[in-house]
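>>> Give the three-dimensional model of this entry:
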Amino acid sequence: MRSVTFKFIHNIFLVVIFLFLILMDDNSFLGIWFHEIAGLTICLFYILHKALNWSWIKETTKKIIGKIPAKRRLNYIIDIMLLVGFTLIIMSGMAIAKTIEFSWLGFYRDHQMIYRSMHTSVSMIVLILVGIHIDLHWEWVTARFKRSR
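Numbers count the residues shown, from 1 in each chain. I've put the predicted structure just below:
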């Protein structure tokens, strides 16, 4: 399978899993166990997404101080915000997990309200950032669909 096709399929899967996570709560028909497993899965897929795009990250990081197109600079800033956001979501998700044991990480149980609030609010912000990220790559997305016909 070509690299571009793999990246495209991977990106679609990433968006679908992320939307499942955002649209569900403790009382959803899929349940909290699925939410926690899907959260760990999206964590792995997010890392893979960054690995697949590592050359872009490396090249843009080298040029970020210099002169680069505004769209590329905005995309880089959004990517950094997504990195911070996903990190906070993952950490707070582990802190409030109900079906997977993460107590060995040392999260304090008396801070559950803070972790839950962080998890929910950062998730909503990240959802908006993911939308912007997809919009910034929309030409690439539509080009993949045109090639698949």
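>>> what about L105, how many residues close to it?
Using other C-beta atoms under 10 Å, L105 has 10 neighbouring residues. The way it works is simple: take the backbone N, C-alpha and C, and place the C-beta from them, glycine included.
>>> So which residues of this protein form helices?
3-23, 31-52, 54-63, 70-96, 112-136, 138-148 (DSSP state H).
>>> would TSV of the ones you listed with mean pLDDT and distance to W104 be doable?
Output for the helices of the chain, formatted as TSV (pLDDT from 0 to 100; distance: least, C-beta to C-beta, whole Å):
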stretch	mean pLDDT	distance to W104
helix 3-23	66	23
helix 31-52	83	15
helix 54-63	87	30
helix 70-96	91	10
helix 112-136	90	16
helix 138-148	74	40
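>>> what would these look like in TSV with mean neighbour count and distance to G106?
Shown next, in TSV, are the helices of the chain (neighbours: other C-beta atoms under 10 Å; distance: least, C-beta to C-beta, whole Å):
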stretch	mean neighbour count	distance to G106
helix 3-23	14	24
helix 31-52	16	18
helix 54-63	12	30
helix 70-96	17	10
helix 112-136	15	13
helix 138-148	11	40
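>>> TSV please, covering those helices and showing distance to F102.
Below are the helices of the chain laid out as TSV (distance: least, C-beta to C-beta, whole Å):
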stretch	distance to F102
helix 3-23	17
helix 31-52	10
helix 54-63	28
helix 70-96	4
helix 112-136	11
helix 138-148	35
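>>> surely Y115 meets L88?
No - taking C-beta atoms under 8 Å as the definition, Y115 is not a contact partner of L88, at 9.8 Å.
>>> Test my guess that F102 contacts A95.
Yes - the criterion here is C-beta under 8 Å, and F102 meets it with A95 at 7.1 Å.
>>> pretty sure E36 is in contact with I96, am I right?
No - using C-beta under 8 Å, E36 is not in contact with I96, being 9.4 Å away.
>>> tell me, what's touching the two both at once?
With contacts taken as C-beta atoms under 8 Å, 6 or more residues apart in numbering, E36 and I96 have no neighbour in common.
>>> can you list the residues that contact stretch 72-91?
Identification of contacts with stretch 72-91 by C-beta under 8 Å, 6+ apart yields 39, 43, 46, 50, 57, 60-61, 64, 118-119, 122-123, 125-126, 129-130, 132-133, 136-137.
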